[in-house]
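J.: Build me a model from this:
(chains A and B)
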Amino acid sequence: MTSVSETPTITTRNAVEEFLFHEAGLIDEWRLEEWLDLFTLDCTYEVPATDRPHADPGLTWSLIHDGRTMLEQRVIRLKKPEAHAEFPHSQTSRIVGNVRILAETDEMIAVTANFIINRAKSGKFDTYVGRYDYELIPGNSSFLIRRKRAVLAHDMLDPQGKISFII
Amino acid sequence: MTAEQFIIDDRENNLFRVNREAFTSEEVLQRERKEIFDKTWLYVGHESEIPGKNDFQTRDVGGRPVIFNRDRHGDVRVLLNTCLHRGSSVCRHSSGNAKIFTCFYHGWAYRNSGELVNVPGNEDYKSEPAAVYKGLQSPAQVDSYRGLYFVNFDPDAPDLLTFLGEARYFIDLAADQSPEGVAILEGTHKYSLKANWKLLVENSIDGYHAKSVHHTYFEMMMELGATPPMLGKETVNGVAPAGMGTEFPNGHATLMYPANGLPLATDSVKQTLANLRAQAEQTFGENYATAMFGLARNSVFFPSLILIDLSFGLTLRTFYPVSPSETLVTGWQIIPKGVDEEFVKYRINNALTFWGPAGLATPDDVEALEQAQKGFGARGEVGWSDVSKGMGKPVPAANDELQMRSWWREWNRRITGQQLPTEGTSFVPFDKQDVDA
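T.: Residues are numbered from 1 along each chain as shown, chains lettered A, B, ... in the order given. Next up, the predicted model:
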């Protein structure tokens, strides 16, 4: 990071928020191919283990550490009726808030935000809570995601049990 | 309880059935706590999780809160995490490093080897607590095999090596993968499922469900150029392409089959693996090295320790019931020591594609078990589950159900006292002489 903007411009914040809300909508609507298009080819999508929230998912036994290839496969799989844990699809409704721009250069914007995801499936209602860390690459009119990291504020996956949808 | 018979083991017709009450009854769970979790060897942790002096991990084992730690001399301990005064936990962190464990309720303090060393207001006691209560209690027996620590709450239970018996060679196959030994990676999968714990035992050693439940996983792997398991042609160490199941005394069982290809492996990763294999061949002989690296294996150590080596990853899993229809699972990943970072990353990424609550396979297993538990609601009308597949075959395949029957016979012996004969003889697919040499 070469320069840090202590007070991001209103324009940037609005644009970042608009982008994150758009992403949240695509996932909630199960428009996963369009969601995938938001990522760069060298992207990572990470969820650390609940007992090692600060660890590098590349070198620890995390919950998710996908590169582009595996992320594509995750999406392809989730759209098949044989992805049993998600058929019928669970219904999710996510709130993304407390969006903060931590650093901003011409090449990259580091963003953090909180999330609450409510998920309904088979008569059960679960809540997933945590923090997103993003590395966004500014484009012509919007952004691409180079890194998305969802850090759960859970000490274990109970009663949620599993993360079988895109978090 | 109305149903006293939990299994039907009909050798004449090769039919094996399990009473679905076993999965739903609170009374059965109480008997399991008394006859199984109070009396068998239960897994606590691996020595690599507490590498240094005063390191600790807290765990729940067989319903008891325990501290798995090294004391100030470096000796491994298992301490029951309950103050002798009024019961509170003396350690509330999941892991860390501590010389002293202090109960926050009234301040009683214990050294990490257990001794009670400080009682606030000690002078008010006529009988000194330190003299009366000595220190934190430990399970009746604590023992280890190849770095895996176990406890047994029954002082009269046979020792760990006797209990593991011949099945311990499947622990050897994991532990011998590097001359420097193996370690548990940092990071734990902790999750729950709304199903009886015995359904997860069955699922963990079930080769039959793979094609139907994990269809999407195999499609994905083939897309990425990997060889799916059980579709190979070659016999490996006497194990046929379809694999085989084998049973051991005390309810342990294994299924094995020729290993997967190496999805996403780079040349460097293949070289590291070839080096590990060459070292194993040199130390233990070719057969043993082939069993280690050429066969995939799912093993259960009674009651609920699972070791699965799919060659692209090696997972250890244990779980305990919360209620008849709820289970808490803990899963770890094992890695050979002394390998480069690229190899570690490869193993993690491949193993994560399959395992864990956010993997591309495990959630579908959980879905199947939760649906089965739901189905048991109709046990009044449909009272029995079938576990007969491959029964009567001289050599049951990996996708037959011998492993489950073996486990169920031991469960049944402990719960009802009824002893049933095994189906065949145990099979270990390598030359044991090489290991002992």
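
J.: where do the helices sit along the chain?
T.: In the absence of a named chain, chain A is used. Taking DSSP state H to define them, one finds helices in chain A at A:10-28, A:32-36, A:68-78.

J.: let's do chain B instead
T.: B:26-32, B:129-133, B:160-164, B:169-175, B:197-204, B:210-213, B:215-223, B:267-284, B:286-294, B:341-354, B:362-375, B:402-416, B:432-436.

J.: now for the fourth one, which elements pack on it?
T.: Under the contact criterion of 3 or more CB pairs under 8 Å, 6 or more residues apart in numbering or on different chains; DSSP states H and E, the helices and strands touching helix B:169-175 comprise helix B:286-294, strand B:295-301, strand B:305-309, helix B:432-436. C-beta here means a position set from N, CA and C on the backbone, and glycine is covered the same way.

J.: Just put the helices of chain B in JSON lines and tack on mean pLDDT.
T.: As requested, these are exported to JSON lines (pLDDT from 0 to 100):
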{"stretch": "helix B:26-32", "mean pLDDT": "98"}
{"stretch": "helix B:129-133", "mean pLDDT": "95"}
{"stretch": "helix B:160-164", "mean pLDDT": "97"}
{"stretch": "helix B:169-175", "mean pLDDT": "95"}
{"stretch": "helix B:197-204", "mean pLDDT": "97"}
{"stretch": "helix B:210-213", "mean pLDDT": "86"}
{"stretch": "helix B:215-223", "mean pLDDT": "83"}
{"stretch": "helix B:267-284", "mean pLDDT": "94"}
{"stretch": "helix B:286-294", "mean pLDDT": "92"}
{"stretch": "helix B:341-354", "mean pLDDT": "93"}
{"stretch": "helix B:362-375", "mean pLDDT": "95"}
{"stretch": "helix B:402-416", "mean pLDDT": "97"}
{"stretch": "helix B:432-436", "mean pLDDT": "54"}
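
J.: Around chain A, pick out the residues from the stretch 51-200 of chain B.
T.: Contact residues, the stretch 51-200 of chain B versus chain A (CB under 8 Å from any CB of the partner chain): B:94-95, B:185-194.

J.: same thing but 10 Å
T.: Selection of the stretch 51-200 of chain B residues close to chain A by CB under 10 Å from any CB of the partner chain yields B:57, B:94-95, B:184-195.

J.: What subset of those residues is buried?
T.: Buried by 16 or more other CB atoms under 10 Å in any protein chain shown: B:57, B:95, B:184-195, out of these.

J.: just those residues now: which is nearest A:L102?
T.: B:G187 (24.6 Å; CB to CB).

J.: What residues are bridge-paired with the closest residue to B:N412 other than its chain neighbours?
T.: Using CB to CB, 6 or more residues apart in numbering or on different chains and skipping the chain neighbours, the partner closest in space to B:N412 is B:I7 (4.9 Å). On the basis of DSSP bridges, B:I7 is bridged to B:V18.

J.: wouldn't B:I7 be in contact with B:R405 here?
T.: Yes - applying CB atoms under 10 Å, one finds B:I7 in contact with B:R405, separated by 8.6 Å.

J.: sorry, back to before: out of the helices of chain A, which one sits most buried?
T.: Mean neighbours per residue, mean count of other CB atoms under 10 Å in any protein chain shown, is largest over the helices of chain A for helix A:68-78, with a mean of 18.

J.: and that one, what other elements does it pack with?
T.: helix A:32-36, strand A:39-47, strand A:64-67, helix B:215-223, helix B:341-354 (3 or more CB pairs under 10 Å, 6 or more residues apart in numbering or on different chains; DSSP states H and E).
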